[in-house]
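> After the sequence you'll find the predicted model.
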Amino acid sequence: MDARGRRVHQAFRSKGMMLERNALERAVKHLEGCDHEEGALHALMEKVGEGTFNSAVVTDEKLKQIIESSAVEKNLDAGQSTSALVDVFRMPRLLWDPVRKTFYHGSKPNIVADASSKIEIFRQRLYIVQQRLSRHPLFSKPQFSLAEEHQKEYIELKQLQSLVGDTGGRRYVLGMLVKVEDDCLFIEDFSTKFPIDLRHASMADGVYTENSIVVVEGSLRHDGVFEAVAVGMPPIEPKAITLETFEDIDFFGAGRLGREERESLMLKEAEDQIFVILSDVFLEEGATMTMLKMLFEGFDASEVPPKAFVLMGNFSRCKRPGDDLYTFKEQLKKLGKLMKGFKNLVENSTFIFMPGPDDHGINSIIPRPSLPELCFRDLKEAAPKVMLAPNPCRLRYCTQEMVLFRQDLHVRLRRSAQAATNRNQSYFDHIMTTLLHQGHLCPAPLQGQPIYWELDHTLHLYPTPDVLVLGDDAPVNCSNHHGCVCMCPGSFSAKGTFMVYRPSTRTAETSSIPVPP
């Protein structure tokens, strides 16, 4: 056994796993073809953890399946590994174990799941927020008995069950807003549930819908109703703390980065690259094609072309265009002819296409698979660097993790809001606050937006990403929330707006093109 083999063997042993001889040889061969062995080894161990609880021995067949089904779909670079597109349908399904106080790999997701999987969605959401708050300074009890003047103030979160018989006392609780009966809102945790009265409560920033996880200050009345005085979103945990706590877990699905690999990528990250992000690109309209031509002309003349163009749906103004894939294919062929005239962009930029909620697909359940490959054959002949992404899309550039989601959340969240929000903030800021604090891309009720129950983990925003893009039928906007750059590119076909993101400075710029009359 050579030095590399011994290192791989010892690394797996440190995680309680034993490789068969053939599996060890396969692992070593796999690592030889990787640019950064340390990061690739961590990623491989993370994926091997799935399904190995019945036996600590990793077989060659199991390892072969894991290597071949890696979640990292493609690189955006030719010969480099600075960026990767993650297939969310092959992301690791990480679930929280409340007994061992750690994450573990769940079983392979099944699109046709049973009813217990629906319940597990909300249990996992509450578990993740609960363990997150256990490390927050505001909710952490001092571990040593200190003099009273040196003790820090902290908030003790009570279980709802412990409030039975404790009427009138002001308490803090963590729970989920649910509707068990019509027009009656409850707060529920793992112990019990109570009706909740929000009429006189002070609401912090955010959109509070059914299934929202909230921290509530209030008291239990004699009639069994929890009267809220103040309601807020659970605070965000900084990404650095999350990664330090779970240093061997790959949440994002693109593999863990080793220290040397991270330092190397940070140098490349300082290079002046940009990402151009568009939403609602209606290809059947002549005005849209004219604006795309103007957009490409502007960037084609630059010395450093954009790293990538991200085109988010919808790609037709018609709602549910049906199964007319031939028309869609012809529209993409026309787009390919347009792109072919910009050699600098075709050779150096990657074009990523994401489906919108009303584009071609089986149904409106999220996550949505990528658009049909057969429609893009002519386009790929004109521009080979075309990639098809699911919705949501996860993209890692150097050390930065980007999450892109195309959904009309403004309407869905406003429609299902259970309490008035603070009007001092824009509604865009309220939505971004909600998504980041809830740690989820779509906290709306399931009846408003169906989700594949066993693929709910693909919508998690934990740890907090570096960039969050929400393609919504709303005005263009951008802001920074707790170190996360949040943006909405607006509608390109209707308003001519789009976003430009610069990873080197972690800044987003709103841009626009005049809409032809």
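In hand now; what should we look at?

> Could you pull out the helices in this structure for me?
Secondary structure of the chain by DSSP state H: the helices cover 3-14, 21-32, 37-48, 60-68, 115-133, 239-245, 259-269, 286-300, 325-339, 343-348, 377-382, 409-415, 427-438, 492-495.

> Can you show me the CA trace of the last one as PDB?
Which is helix 492-495. What follows is the C-alpha trace of helix 492-495 in PDB, where atoms were taken according to Å, rounded to 0.1, in the frame of the first residue of the first chain:
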ATOM      1  CA  PHE A 492     -36.200  41.200 -18.600                       C
ATOM      2  CA  SER A 493     -38.900  41.100 -21.300                       C
ATOM      3  CA  ALA A 494     -41.300  43.500 -19.500                       C
ATOM      4  CA  LYS A 495     -38.800  46.000 -18.000                       C
END
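
> List the buried residues for it?
492, 493 (16 or more other Cβ atoms under 10 Å). For glycine as for every other residue, the C-beta is placed from the backbone atoms N, C-alpha and C.

> Equivalent analysis for stretch 365-380, please.
Result for stretch 365-380 [16+ other Cβ under 10 Å]: buried residues 366, 367, 368, 370, 371, 375, 376, 379, 380.

> now swap in stretch 474-494 and tell me
Buried, per 16+ other Cβ under 10 Å, within stretch 474-494: 474, 476-479, 481, 484-493.

> Then stretch 211-221?
Neighbour-count burial for stretch 211-221 [16+ other Cβ under 10 Å]: 211, 212, 213, 214, 215, 216, 217, 218, 219, 220.

> quick one: low-confidence parts of the stretch 301-450 of the chain?
For the stretch 301-450 of the chain, the stretches flagged by pLDDT under 70 are 320-323, 420, 422.

> mind putting the helices of the chain in JSON lines, distance to residue 306 included?
Below are those laid out as JSON lines (distance: least, Cβ to Cβ, whole Å):
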{"stretch": "helix 3-14", "distance to residue 306": "38"}
{"stretch": "helix 21-32", "distance to residue 306": "33"}
{"stretch": "helix 37-48", "distance to residue 306": "26"}
{"stretch": "helix 60-68", "distance to residue 306": "32"}
{"stretch": "helix 115-133", "distance to residue 306": "35"}
{"stretch": "helix 239-245", "distance to residue 306": "26"}
{"stretch": "helix 259-269", "distance to residue 306": "16"}
{"stretch": "helix 286-300", "distance to residue 306": "6"}
{"stretch": "helix 325-339", "distance to residue 306": "13"}
{"stretch": "helix 343-348", "distance to residue 306": "8"}
{"stretch": "helix 377-382", "distance to residue 306": "18"}
{"stretch": "helix 409-415", "distance to residue 306": "26"}
{"stretch": "helix 427-438", "distance to residue 306": "24"}
{"stretch": "helix 492-495", "distance to residue 306": "15"}
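
> who wins for proximity to residue 457 among those helices?
helix 115-133 (7.6 Å; Cβ to Cβ).

> Who are the packing partners of that closest one?
strand 94-97, strand 171-181, strand 213-220 (3 or more Cβ pairs under 8 Å, 6 or more residues apart in numbering; DSSP states H and E).

> Next, the distance between the ends of stretch 343-362.
35 Å (Cα to Cα, to the nearest Å).

> do the same with stretch 242-252
12 Å.

> tell me the mean pLDDT for it?
Mean per-residue pLDDT for stretch 242-252: 89.
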